[in-house]
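Trainee: Dropping the sequence and predicted coords here.
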Amino acid sequence: MTVERAKPRRQMHSLPMTMQRDLHAALERHKQEALNALISEQVIHTLGEPASLLKVSVRPLWADVYRVNVFVGPDAVSARIANSFFLNVDGDGKIAASTPRITRPY
């Protein structure tokens, strides 16, 4: 007769619903921030970098449409929008279309 030892079972505890929602919201925020950074990099790569670049603002509007503003100036108080675009972005975050067309002035 052999004695088998029972392996301790790991008990599966599910997260409370509020924690699941918070975790999901944090994950979605992270994904949106990463997508915004990717779009911003593509715009600056295509546009060139303005001399006094302060910030590139990427705002999702709907579906795969974004508004991108390129802010320049010596500081935030005197910042102005040097370039502004409406972008259509594909599922991978690549710019599919731009209005107006992004040209390289810098």
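Mentor: Arrived safely, thanks for sending.
Trainee: Residue 48 is in contact with residue 104, isn't it?
Mentor: Yes - with contact defined as C-beta atoms under 8 Å, residue 48 counts as touching residue 104 (4.9 Å). No exception for glycine: its C-beta is placed from N, CA and C like everyone else's.
Trainee: of the two, who's got more company?
Mentor: Shown here are residue 48 and residue 104; by other C-beta atoms under 10 Å, residue 48 has more neighbours (12 against 8).
Trainee: And the pLDDT at residue 13?
Mentor: What the model reports for residue 13 is a pLDDT of 62.
Trainee: Can you tell me the SS state at residue 14?
Mentor: Put simply, residue 14 is coil when judged by DSSP: H, G, I helix; E, B strand; the rest coil.
Trainee: looking at this, residue 74 is in a helix?
Mentor: No - using three-state DSSP, the assignment for residue 74 is coil, not a helix.
Trainee: burial of the spatially closest residue to it that is not a sequence neighbour, as a residue count?
Mentor: Nearest in space to residue 74, with sequence neighbours left out and distances taken as C-beta to C-beta, 6 or more residues apart in numbering, is residue 52 at 6.0 Å. Using other C-beta under 10 Å, residue 52 has 14 neighbouring residues.
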